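# My questions concern the predicted model and sequence given below.
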Amino acid sequence: MKTNLFSIFRQPFIFNNVIQKQRVVQKTILSRGLNTSTVSSSEQLCFVEKLGGEDKGISIINLNNPTTKNAISRKLLREFRDTVNSLRFENDSRVVLLRSLVDRTFCSGADLKERINMSEIEIKEFLHNLQGAFRDLERLPVPTIAVIDGVCVGGGLELALCCDMRVSGEHAKIGLPETKLGIIPGAGGTQRLSRAIGVAKAKELIFTGRILSAKSALEDGIVNYATVEGSSMVIAMNIAKQILPCGPIAIRMAKLAIDRGNQLDLDSALEFEQTCYAQVIHTEDRIEGLKAYKEKRPPVYKGK
């Protein structure tokens with residue numbers, strides 16, 4: 001099966017007549033089991049898979065609670081945060097994908113059935129832990145990609161917005177409907193969505209609580225790519241595989257420079273960029289990159 005990918009460019013377009021930017025054959029991702037070194041437990045709501053072979057360096061965080069459509073409960077939140085922090089303190093992962101194993105679902109937001117029985121203090125504690133877990137994901141030093149193949153609303157979209165990139169499949173339903181419940185996004189949605197797509201468009205989506213299709217999310221700039229058929233996992237894997245050959249220290253420094261610099265004025269941001277650049281000058285990877293260029297061969301980076 002072939003998957004049509006559409007580039008974003010923040011421009012409106014007719015979905016069925018856009019220029020095809022890339023065509024990827026869907027092979028190892030959906031037609032076979034992933035070659036992993038981590039075995040999941042059926043009782044785990046969140047766990048990590050580390051790919052092997054030519055995909056070594058790609059780690060996948062899996063959400064897996066079909067009973068609640070991955071609604072964020074205390075248990076899921078604890079497991080998610082533990083999973084993210086386990087990736088932070090090891091050197092095997094070069095790219096991290098965040099996906100759901102539940103059909104037509106990414107994450108349905110907070111577990112409202114659990115929350116309705118919480119006291120006011122318990123709600124505040126939960127939100128504090130939720131915001132902390134999302135920041136942990138956002139601060140991972142390696143690139144992260146959210147794979148949105150179904151319902152991604154409320155806290156689910158806030159979770160996806162913590163990733164560096166987002167891709168969406170044909171069954172994606174994306175939005176922040178909190179105002180329809182008499183509340184507002186409470187895990188960064190008002191801030192991250194406005195930074196991603198602009199203040200006016202973010203206000204429109206939050207004020208109306210509108211739920212978007214993959215097409216509309218692409219047009220509004222919420223996702224980088226969308227597919228009109230099947231899963232977007234193949235898109236995420238294609239991006240990840242393009243990142244793998246690059247220098248791992250360079251990727252980490254580039255992410256840091258972009259994330260921190262985006263919050264500064266231009267002069268301060270340029271100074272910070274030079275600080276990050278200085279971190280790669282004395283690395284073995286930089287020398288290897290120059291040698292490989294001179295010898296006309298692919299570089300072999302070791303992250304040193």
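That came through fine.
# gap between Gly156 and Lys50?
As judged by CB to CB, to the nearest Å, Gly156 and Lys50 stand 24 Å apart. Quick note: C-beta positions are derived from backbone N, CA and C, even for glycine.
# So for the two, which sits in the more crowded spot?
Neighbour tally, Gly156 and Lys50, criterion other CB atoms under 10 Å: the higher count belongs to Gly156, 29 against 19.
# so what's that one scoring on pLDDT?
Gly156 is assigned 96 on the pLDDT scale.
# tell me the SS of it?
Using DSSP: H, G, I helix; E, B strand; the rest coil, the structure places Gly156 in helix.
# Does it touch Asn70 like I think?
Yes: with contact defined as CB atoms under 8 Å, Gly156 counts as touching Asn70 (7.2 Å).
# could you pull out the strands for this structure?
Along the chain, counting by DSSP state E, strands occupy 2-5, 22-25, 46-50, 58-63, 95-100, 105-107, 144-148, 151-153, 165-168, 173-175, 211-213, 225-226.
# Let me know which of those is the nearest to Asn238.
Proximity to Asn238 (CB to CB) singles out strand 22-25 among those, at 5.1 Å.
# so what's the closest residue to Lys180 other than its chain neighbours up against?
Spatially, and ignoring its direct neighbours in sequence, Lys180 is nearest to Gly209 (4.2 Å; CB to CB, 6 or more residues apart in numbering). Counting by CB atoms under 8 Å, 6 or more residues apart in numbering, Gly209 touches Gly175, Leu176, Pro177, Glu178, Thr179, Lys180.
# Just the pLDDT for Arg166.
Per-residue confidence (pLDDT) for Arg166: 98.
# What's the end-to-end length of stretch 66-78?
Chord length of stretch 66-78, first to last residue, is 17 Å (CA to CA, to the nearest Å).
# in it, what's buried?
Thr68, Lys69, Asn70, Ala71, Ile72, Ser73, Arg74, Leu76, Leu77 (16 or more other CB atoms under 10 Å).
# Check stretch 43-56 too.
Those would be Leu45, Cys46, Phe47, Val48, Glu49, Lys50, Leu51, Asp55, for stretch 43-56 by 16+ other CB under 10 Å.
# Average pLDDT for the longest helix seen in the chain, rounded please.
Longest among the helix segments of the chain by residue count, using DSSP state H, is helix 120-138. The average pLDDT for helix 120-138 rounds to 93.
# One more: stretch 291-302?
Rounded mean pLDDT across stretch 291-302 is 88.
# Do a quick rundown of the helices in the stretch 151-300 of the chain.
155-160, 189-197, 199-208, 214-220, 233-243, 248-261, 266-281, 284-295 (DSSP state H, counting those that start in this stretch).
# coming back round to it: from Val151, how far out is the residue nearest to Lys180?
Distance from Gly209 to Val151, by CB to CB: 14 Å.
# Then Ile116?
Separation of Ile116 from Val151 (CB to CB): 20 Å.
# Mind checking which of the two has more residues around it?
Val151 (24 against 8).
# so Arg99 touches Asn62, yeah?
Yes: between Arg99 and Asn62 a contact is recorded at 6.3 Å, counting by CB under 8 Å.
# what is the mean pLDDT for stretch 65-79?
Summarised as a single mean, pLDDT over stretch 65-79 is 94.
# which residues touch it?
With CB under 8 Å, 6+ apart as the criterion, stretch 65-79 contacts 44-47, 63-64, 80, 100, 102-103, 105-114, 126, 129-130, 133, 151, 155-156, 159.
# So for Lys304, which of the strands of the chain sits nearest?
strand 95-100 (18.7 Å).
# residues contacting Arg286?
Counting by CB under 8 Å, 6+ apart, Arg286 makes contact with Gly247, Ala250, Val280.
# from these, which is closest to Lys304?
For the contacts of Arg286, the nearest to Lys304 is Gly247 (10.2 Å; CB to CB).
# how close does the closest one get to Gly150?
35 Å.
# what do you get for Leu159?
13 Å.
# the more surrounded of the two?
Leu159 (27 against 23).
# okay, the residue nearest to that one when sequence neighbours are not counted: pLDDT?
In space, and not counting its chain neighbours, Leu159 is closest to Cys107: 5.7 Å by CB to CB, 6+ apart. The model reports Cys107 with a pLDDT of 96.
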